[in-house]
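> Below: sequence and its predicted model.
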Amino acid sequence: MKNKYISNRSSELLVYFNQQDQHYFEFSEAKQALPQSSESAIKELLSDLVKRGLLMRLKKSLYYIIPYEKDAGSFMPDWHLLAEPLTKGVDHYIGYYSALQIHNLITQPSLKEQIVVARQIKPS
């Protein structure tokens, strides 16, 4: 398990999102949580939190908070709940094989989440 010591800045950030019961956040929200910090300091902080196993980087500027008691190497958030932040407000639904998995209509687990969107989104 990685070193999960939490600094004052790390604590401020994690407490801010935990008080809002928010499991994921974007870089812009981190800037709002730490208004007195510079953009480069926040980027460095987020990078450090990812290295220490406290955050998971989902894509550019999107992070998921890993529960403190979980091991970052084996932790995987609920894929179905990640559809919303990954699509950034674009009309979408979980479809195809993933939808079958939600309704327990398949025998083999799916290792990919299939999200159908109204317009194409550039992957990052």
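Received, thanks.
> going forward, measure contacts and count neighbours with C-alpha atoms only.
Will do.
> Quick one: find the helix or strand in this structure with the lowest mean pLDDT.
The helix or strand of the chain with the lowest confidence, counting by mean pLDDT, DSSP states H and E, is helix 83-87 at a mean of 84.
> what does the model give the residue lying closest to Glu113 once chain neighbours are set aside for pLDDT?
For Glu113, ignoring the flanking residues on the chain, the nearest one in space by C-alpha to C-alpha, 6 or more residues apart in numbering is Ser98 at 5.7 Å. If you check Ser98, the pLDDT there is 84.
> Relative to Arg9, how far out is Ser98?
38 Å (C-alpha to C-alpha, to the nearest Å).
> can you map out the strands along this structure?
24-26, 55-59, 62-65, 92-94, 115-117 (DSSP state E).
> Make JSON lines out of those and add mean pLDDT and mean neighbour count.
JSON lines is the format used below for the strands of the chain (pLDDT from 0 to 100; neighbours: other C-alpha atoms under 10 Å):
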{"stretch": "strand 24-26", "mean pLDDT": "95", "mean neighbour count": "17"}
{"stretch": "strand 55-59", "mean pLDDT": "94", "mean neighbour count": "18"}
{"stretch": "strand 62-65", "mean pLDDT": "96", "mean neighbour count": "20"}
{"stretch": "strand 92-94", "mean pLDDT": "87", "mean neighbour count": "16"}
{"stretch": "strand 115-117", "mean pLDDT": "89", "mean neighbour count": "16"}
